[in-house]
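Enquirer: let me see the structure of the following:
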Amino acid sequence: MALINRVSRLFKADFHAVLDQIEEPEQLLKQAIRDMEDDLAGSEQSIANSLHQQDVMAARRDEIHTSVNDLDEQLDLCFESGKEDLSRSLIRKKLEAERLLKRLISKYESNASQLKEQQASLEANRSTLHGLRQKAELFAHRLPSHESGNAFDDAAWFSRDMNIGDDEVEIAFLREKSRRSAS
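Expert: Here you go, the predicted structure:
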């Protein structure tokens, strides 16, 4: 049984090695970039929809606030005139409006937090896309090492993380500023 497992592992390893040789990293990278761009477009559309919903809810919230204020003025007038039946009707409307306002505010706040999450995710995805584009540029402009007989490992070189973080930029900025101030 152990012999069969070992042979099957060897077969799988050879099969994967053949697949690795067949795959073109440049084409895979281009497809990954296209997929990421499509995802970003969908995310941007979703954010635009959420922003529109926020605007609609804000306008509705303002309308309800105005309505509640109008009802308060009408209630003042009813109480001054001694119209208790009419004031009960207005109080019912006011309570309904306040309840609707609470629900609307809750939905508005929930949508706002989802919007922040979507925007953060979009920025992270944009950063990832930027890194993929940089890798694609490096891949497209690098010298063809396998043609020159160099034993350079393309897969290992390409798989390195080429993203430059904000902290690295800040450190390099401080070094450059220090060099220039010393001169």
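Enquirer: so Leu101 is in contact with Asp62, correct?
Expert: No. Using CB atoms under 8 Å, Leu101 makes no contact with Asp62, being 10.3 Å away. (C-beta placed from N, C-alpha, C; glycine too.)
Enquirer: for these two, indicate the residue with more neighbours.
Expert: Leu101 (17 against 10; other CB atoms under 10 Å).
Enquirer: gap between the closest residue to the more buried one other than its chain neighbours and Leu40?
Expert: With CB to CB, 6 or more residues apart in numbering as the criterion, Leu101 has its nearest non-adjacent residue at 4.7 Å, and that residue is Ile64. Using CB to CB, to the nearest Å, one gets 36 Å for the distance from Ile64 to Leu40.
Enquirer: which of the two has more neighbours?
Expert: More neighbours surround Ile64 than the other of Ile64 and Leu40, with 18 against 15 (other CB under 10 Å).
Enquirer: following the chain onward from the helix or strand of the chain with the lowest mean pLDDT, which element is next?
Expert: Least confident helix or strand of the chain, by mean pLDDT, DSSP states H and E, is helix 154-159 with a mean of 50. Toward the C-terminal end, the helix or strand that comes next after helix 154-159 (DSSP states H and E) is helix 166-182.
Enquirer: please write out the alpha-carbon positions of that following helix in CSV.
Expert: Provided in CSV are the C-alpha atoms of helix 166-182 (Å, rounded to 0.1, in the frame of the first residue of the first chain):
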residue,chain,number,x,y,z
ASP,A,166,4.1,52.9,2.9
ASP,A,167,6.6,52.4,5.7
GLU,A,168,9.4,51.5,3.2
VAL,A,169,8.6,54.7,1.3
GLU,A,170,8.6,56.7,4.5
ILE,A,171,12.0,55.3,5.5
ALA,A,172,13.5,56.0,2.1
PHE,A,173,12.1,59.5,2.2
LEU,A,174,13.7,60.2,5.6
ARG,A,175,17.1,58.8,4.3
GLU,A,176,16.9,61.0,1.2
LYS,A,177,15.9,64.0,3.3
SER,A,178,18.8,63.3,5.7
ARG,A,179,21.3,63.0,2.8
ARG,A,180,20.2,66.3,1.3
SER,A,181,20.2,68.2,4.5
ALA,A,182,23.7,67.0,5.3
